[in-house]
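Asks: Provided below are the primary sequence and the corresponding predicted coordinates.
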Amino acid sequence: MNWFEAARGRIGGPGEFPLIDDEEIVEEKAVSDHWPSFFEGSERDVDRLRQEALTVDHLDLPVRFVYLNIFYRLAHYPGEQVAVVVEDQNSAAVHRDDFEHDLEALVRLVDVESAGRLQRIELERLGDMNNRVKHKREPALTWKDAEDMARLSREVLDVILSM
């Protein structure tokens, strides 16, 4: 199972989220593998992680959680304790500051109010109504369904435009 599948399994509905420092979704070894090491020359992996984190869909809550979790844990990683060479011990605080800055940037990518509003919109109901309109065999929408569909569509567009 990959991280995103694990996160989808743990994030049920609105308000059901693991703690940001949860170690069950992303294992400790994966976090330590992304810690920059002078000895191992892992800067390329860290850059790739940063690029991936910036290009994912941050409105997909499990995906967003995975990257916030990784960067939070890297921002609090005990680099001095696991360092093999003196250079790594001396640069651990700088690396943590860099990861904390990355974490702050990721948090600001999505307006919290907009993300919450989008989550509250009944997207599944909107999709069902949309499919009923597309497929002629289904009974025609009632006026109430059409009104709901228009309202839900407007809410989705409002959230998208406010981002």
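Replies: Cool, the structure landed.

Asks: domains of this structure?
Replies: For the chain, automatic domain parsing gives the domain ranges 3-110, 116-162.

Asks: Comparing those by mean pLDDT, which bottoms out?
Replies: Set side by side, these differ in mean pLDDT, and domain 116-162 is lowest with a mean of 63.

Asks: V26 - how many residues pack around it?
Replies: 20 (other C-beta atoms under 10 Å). Yep, even glycine has a C-beta here, placed from its N, CA and C like the rest.

Asks: which ones are touching it?
Replies: Contact analysis of V26 by C-beta atoms under 8 Å, 6 or more residues apart in numbering lists W3, A6, V66, N69, I70, R73.

Asks: and the gap between F4 and V110?
Replies: Distance from F4 to V110, counting by C-beta to C-beta, to the nearest Å: 17 Å.

Asks: Out of the contacts of V26, flag the one nearest to D22.
Replies: Nearest to D22 among these, counting by C-beta to C-beta, is N69 at 6.2 Å.

Asks: check contacts around the closest one.
Replies: I20, D21, D22, I25, V26.

Asks: try 6 Å this time
Replies: Applying C-beta atoms under 6 Å, 6 or more residues apart in numbering to N69 gives the contacts V26.

Asks: Send me the helix or strand harbouring it as PDB with only the CA atoms.
Replies: Following DSSP states H and E, one finds N69 within helix 61-75. The C-alpha coordinates for helix 61-75 follow below in PDB (Å, rounded to 0.1, in the frame of the first residue of the first chain):
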ATOM      1  CA  LEU A  61      -7.100  16.000   1.300                       C
ATOM      2  CA  PRO A  62      -5.200  12.600   1.700                       C
ATOM      3  CA  VAL A  63      -2.500  13.700  -0.700                       C
ATOM      4  CA  ARG A  64      -2.200  17.100   1.000                       C
ATOM      5  CA  PHE A  65      -2.000  15.300   4.400                       C
ATOM      6  CA  VAL A  66       0.800  13.100   3.200                       C
ATOM      7  CA  TYR A  67       3.000  16.000   2.100                       C
ATOM      8  CA  LEU A  68       2.200  18.100   5.200                       C
ATOM      9  CA  ASN A  69       3.000  15.100   7.400                       C
ATOM     10  CA  ILE A  70       6.400  14.500   5.700                       C
ATOM     11  CA  PHE A  71       7.500  18.100   5.900                       C
ATOM     12  CA  TYR A  72       6.300  18.500   9.500                       C
ATOM     13  CA  ARG A  73       8.200  15.500  10.500                       C
ATOM     14  CA  LEU A  74      11.300  16.700   8.600                       C
ATOM     15  CA  ALA A  75      11.000  20.100  10.300                       C
END
